[in-house]
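# Dropping a prediction and its sequence here:
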Amino acid sequence: MSAVFKREFRAYFTSPIGYIVLAIFFLFSGLYFDIIFSNSYAYIASVFMNMVLIVMFVVPILTMRLFSEERRQKTDQALFTAPIKLHSVVLGKFFAAMALFGLGFSMTVIFQFILMVYADVNWLLFFNNLIGMALVGASMISIGIFLSSLTESSVLAAILGIVVSFLLMLVDSFANQVSVEWIRNILVQFSFSARFNTFASGTFDFTNVVFFLSVTFVFLFLTVRMLEKKRWA
Amino acid sequence: MIEVSHLSKRYGTHLAVDDASFSIQKGEVVGFLGPNGAGKSTIMNILTGYLSFTTGSVQIDGFDIVENPEQAKRRIGYLPELPPLYLDMTVKEYLSFVYDLRKVKLPRKPHIEEICRLVKIENVYDRLIKNLSKGYRQRVGIAQALIGNPDVLILDEPTVGLDPKQIIEIRSLISRLGKNHTVILSSHILSEVQAVCERVIVINRGVIIADDTPDNLSKNLSNDHSLVARVIGPVREVTRLLATIKGVERVTCLGKKEEGSNDYLIEPDRETDVRRPIFERLSDRKWPLIMLRTNELTLEQIFLRLTDAADNGEQLFKQAAKTETPKSSLSEAEKQMVAELASGAPTVFDAAASDADSLDDASADPEDPESETIAQKEVDD
């Protein structure tokens, strides 16, 4: 697992992908920080709340080539004939993407320190936000990895990922307009941003943790199954 | 070392591997031979655990590839058809990655350096794989397969795309590796298999149609008693003279292969050694015998015969060996032609007349208008 992790993490920086993703994260979190900072508003959670949307559209870029490129270049033949288990390959890639994702949010720690100079900051709220963001990231990354295992084309994998993000966003905007109550209740359950917002507002709701971890687990599991299935094709 | 029994692999309705069974002992160098798409790569991908299979079983050193994949895979180094290289890494980084991936216990630096020396890639050690030529990439691929010093090396077309000098180098490398590894390599280049392998498994359309040493394959399939003689002298008279030698059943002129001389295929009965009388008779008449060799099939011819036989639905090479007696090697059209020649009628070779035998350089070459098939004993009498 660590071999795959090291390789993938390094690969983010031998291609433009790592730099692009970091640049987008830094740029937008900086912009949102600038808004609260210039309004003398020491509430970092609003940066995180705005970042959820960015995360949902950037993560597919982060994950698009993880398996599709291996398949296209036939490098998966080295991975899958090595004496390691499939799930450790999947986990290695997952954690590499998570590490880059984490790096993307490292800037927020600096923001928090800057705020600390001018105001009393709530560190507990900050960590609650970080945990929530990590859970959203883990879910999106595992969905992205699964999509990447479906196709040899990383572009297609990215497009599929963005479509999924778009659908999740639609759930947010339209769930409340669905008149049938039970459908609405189900749809609301799938809203990533609604669930994240409870973290952002400082509530550590265990059901949300379970939700995101389940999504992550399910898609990583499906990825392993998909790779397994390709061996039979 | 490797036990494969009743292995089948089905892609939808297409049967890529059909009931293949073989076993390979430790230290053997085995060649998989077959036309493109015969199932060589599929079998290799199955042996290495990359693909799964429909029925059968594969055991590597006693470990089942399905039940105990990690133990089995640990014993295999695999070079797929396309070397699995990450183009964005340097050779050093890549080999180090493979070292980690395969959880090798040997000391890292000396081990990787030793392999680099062995496959001669020290001079590109710090270059990006992206910038390497195909020959170097292939060698990095071989280096990758050697990491961890696995007992079994499976090399899928290891010399494809290399220049002749590199091909020779890689072949001698494989021969050297064969001394303390079990090696399976696939190829559609027959001379390669002949040069490197002690044993050949011929595969066609997913079926193993022969499994033997190159020498035995050659012996079983060819009529190994027949001789090819190159003689300077008048064609008809030489043919008649050779045909009168005791034990010679048939003489066929193969036409001019070298200026001023003609080649003759001499088919004696199985008991008699006719080489001495041939020399004596010819020297009596002062017709110089400038070459005399046994007519063994090259691996190319064996290969084509086997695959043709299999395609025609014939029973593998057992039968091929049985039916390849001198008599049956003449097709009907050829027999007719022999008769016509004997009666003095001019004949033009019909290219379609002899297809099966045209592979055999001993039989008449249909493209060559000069070649004449003359004079069986009974015709002369």
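All right, it came through fine.
# Leaving out sequence neighbours, find the closest residue to the residue nearest the centre of chain A.
Centroid-nearest residue in chain A, with CA atoms, centre = their mean: residue A:137, separated by 2.4 Å. Spatial nearest neighbour of residue A:137, excluding adjacent residues (CB to CB, 6 or more residues apart in numbering or on different chains): residue A:101 at 4.5 Å. All C-beta spots, glycine's among them, are computed from the backbone N, C-alpha and C.
# And the helix or strand hosting the one you found, what does it pack against?
Assigned by DSSP states H and E, residue A:101 falls within helix A:86-104. With contacts defined as 3 or more CB pairs under 8 Å, 6 or more residues apart in numbering or on different chains; DSSP states H and E, helix A:86-104 has these neighbours: helix A:2-14, helix A:16-38, helix A:45-63, helix A:65-73, helix A:76-80, helix A:123-150, helix A:206-232.
# Alpha carbons of the worst-scoring helix or strand of chain A on mean pLDDT, as CSV, please.
None of the helices or strands of chain A scores lower by mean pLDDT, DSSP states H and E than helix A:181-189, at a mean of 83. Extracted in CSV, the C-alpha atoms of helix A:181-189 (Å, rounded to 0.1, in the frame of the first residue of the first chain):
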residue,chain,number,x,y,z
GLU,A,181,-42.9,14.3,1.1
TRP,A,182,-41.3,10.9,1.3
ILE,A,183,-39.3,11.5,-1.9
ARG,A,184,-38.2,14.8,-0.5
ASN,A,185,-37.1,13.2,2.7
ILE,A,186,-35.0,10.6,0.9
LEU,A,187,-33.4,13.2,-1.4
VAL,A,188,-32.5,15.4,1.5
GLN,A,189,-30.6,12.5,3.0
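# After it, which helix or strand is next?
Using DSSP H and E, the helix or strand that follows helix A:181-189 in sequence is helix A:192-200.
# contact partners of that following helix?
Contacting residues not belonging to helix A:192-200 are listed as A:45-46, A:48-49, A:52-53, A:56, A:128-129, A:131-133, A:135-136, A:139-140, A:168-169, A:172, A:188, A:205, A:208, A:211-212 [CB atoms under 8 Å, 6 or more residues apart in numbering or on different chains].
# mind redoing it with 7 Å?
The contact list for helix A:192-200 (CB atoms under 7 Å, 6 or more residues apart in numbering or on different chains) reads A:45, A:48-49, A:52, A:56, A:128-129, A:131-132, A:136, A:139, A:168, A:172, A:188, A:205, A:208, A:211.
# of the residues you listed, buried ones?
In the contacts of helix A:192-200, burial by neighbour count holds for A:45, A:48-49, A:52, A:56, A:128-129, A:132, A:136, A:139, A:168, A:172, A:208, A:211, counting by 16 or more other CB atoms under 10 Å in any protein chain shown.
# Just put the residues you listed in a markdown table and tack on pLDDT and distance to chain B.
Shown next, in a markdown table, are the buried ones among the contacts of helix A:192-200 (pLDDT from 0 to 100; distance: CB to the nearest CB, whole Å):
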| residue | pLDDT | distance to chain B |
| --- | --- | --- |
| A:45 | 88 | 38 |
| A:48 | 91 | 33 |
| A:49 | 90 | 36 |
| A:52 | 90 | 31 |
| A:56 | 89 | 27 |
| A:128 | 92 | 36 |
| A:129 | 93 | 34 |
| A:132 | 94 | 33 |
| A:136 | 94 | 29 |
| A:139 | 95 | 28 |
| A:168 | 87 | 32 |
| A:172 | 77 | 37 |
| A:208 | 92 | 36 |
| A:211 | 94 | 34 |
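# Quick check: the two most widely separated of those?
Farthest-apart pair in the buried ones among the contacts of helix A:192-200 is A:128 and A:168; separation 21.5 Å (CB to CB).
# related to what we said a few turns ago, can you add distance to residue A:71 and give the buried ones among the contacts of helix A:192-200 back as CSV?
Formatted as CSV, these follow (distance: CB to CB, whole Å):
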residue, distance to residue A:71
A:45, 40
A:48, 35
A:49, 37
A:52, 31
A:56, 25
A:128, 39
A:129, 36
A:132, 33
A:136, 27
A:139, 23
A:168, 26
A:172, 33
A:208, 34
A:211, 31
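# List just the nearest of the residues you listed to residue B:109.
For the buried ones among the contacts of helix A:192-200, the nearest to residue B:109 is residue A:139 (40.9 Å; CB to CB).
# Could you find the closest non-adjacent residue to that closest one?
Once flanking residues are discounted, residue A:139 sits nearest to residue A:215: 4.2 Å by CB to CB, 6+ apart.
# Please tell me how far that neighbour sits from chain B.
Using CB to the nearest CB, to the nearest Å, residue A:215 is found at 29 Å from chain B.
# what residues are up against residue A:4?
A:89, A:92-93.
# By neighbour count, which of these wins?
residue A:93 (28 neighbours; other CB atoms under 10 Å in any protein chain shown).
# and the residue nearest to that residue when sequence neighbours are not counted, how many neighbours?
Leaving aside its chain neighbours, residue A:93 sits nearest to residue A:66 (4.7 Å; criterion: CB to CB, 6+ apart). The number of residues packed near residue A:66 is 28, by other CB under 10 Å.
# shouldn't residue A:66 be in contact with residue A:145?
Yes. Counting by CB atoms under 7 Å, residue A:66 does reach residue A:145; the two are 5.5 Å apart.
# between these two, what contacts are shared?
residue A:93.
# Residue A:144 versus the residue nearest to residue A:137, what's the distance?
11 Å (CB to CB, to the nearest Å).
# residues shared between the contacts of those two?
Counting by CB under 7 Å, 6+ apart, the residues touching both residue A:101 and residue A:144 are residue A:62.
# so what's the residue of the stretch 151-300 of chain B found nearest chain A up against?
Closest approach between the stretch 151-300 of chain B and chain A, counting by CB to the nearest CB: residue B:154, at 8.9 Å. By CB under 7 Å, 6+ apart, the contact list for residue B:154 reads B:44, B:47-48, B:76, B:78, B:184.
# what would these look like in TSV with secondary structure, pLDDT and distance to residue B:124?
TSV is the format used below for the contacts of residue B:154 (DSSP: H, G, I helix; E, B strand; the rest coil; pLDDT from 0 to 100; distance: CB to CB, whole Å):
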residue	secondary structure	pLDDT	distance to residue B:124
B:44	helix	93	26
B:47	helix	92	30
B:48	coil	92	26
B:76	strand	93	25
B:78	strand	95	22
B:184	strand	93	27
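# which among the residues you listed are in contact with chain A?
B:48, B:76, B:78 (CB under 7 Å from any CB of the partner chain).
# and residue B:45, helix, strand or coil?
helix (DSSP: H, G, I helix; E, B strand; the rest coil).
# Grab the nearest non-local neighbour of it.
residue B:51 (4.2 Å).
# What pLDDT is listed against the one you found?
As predicted, residue B:51 sits at a pLDDT of 90.
# which SSE is it in?
Residue B:51 is part of no helix or strand, with elements assigned from DSSP H and E.
# give the contact list for it.
Contact analysis of residue B:51 by CB under 7 Å, 6+ apart lists A:231, B:42, B:45.
# Would you reformat those residues as JSON lines and include distance to residue B:292 and pLDDT?
What follows is those, written out as JSON lines (distance: CB to CB, whole Å; pLDDT from 0 to 100):
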{"residue": "A:231", "distance to residue B:292": "56", "pLDDT": "83"}
{"residue": "B:42", "distance to residue B:292": "45", "pLDDT": "91"}
{"residue": "B:45", "distance to residue B:292": "47", "pLDDT": "92"}
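# Using neighbour counts, trim those residues to the buried set.
Neighbour counting with 16+ other CB under 10 Å marks B:42, B:45 as buried within the contacts of residue B:51.
# just the contacts of residue B:51 now: which is nearest residue B:211?
residue B:42 (17.2 Å).
# Residue B:17 is in contact with the closest one, correct?
Yes. Between residue B:42 and residue B:17 there is a contact under CB under 7 Å: 5.6 Å.
# Mutual contacts of those two, please.
With CB under 7 Å, 6+ apart as the test, residue B:42 and residue B:17 both reach residue B:9.
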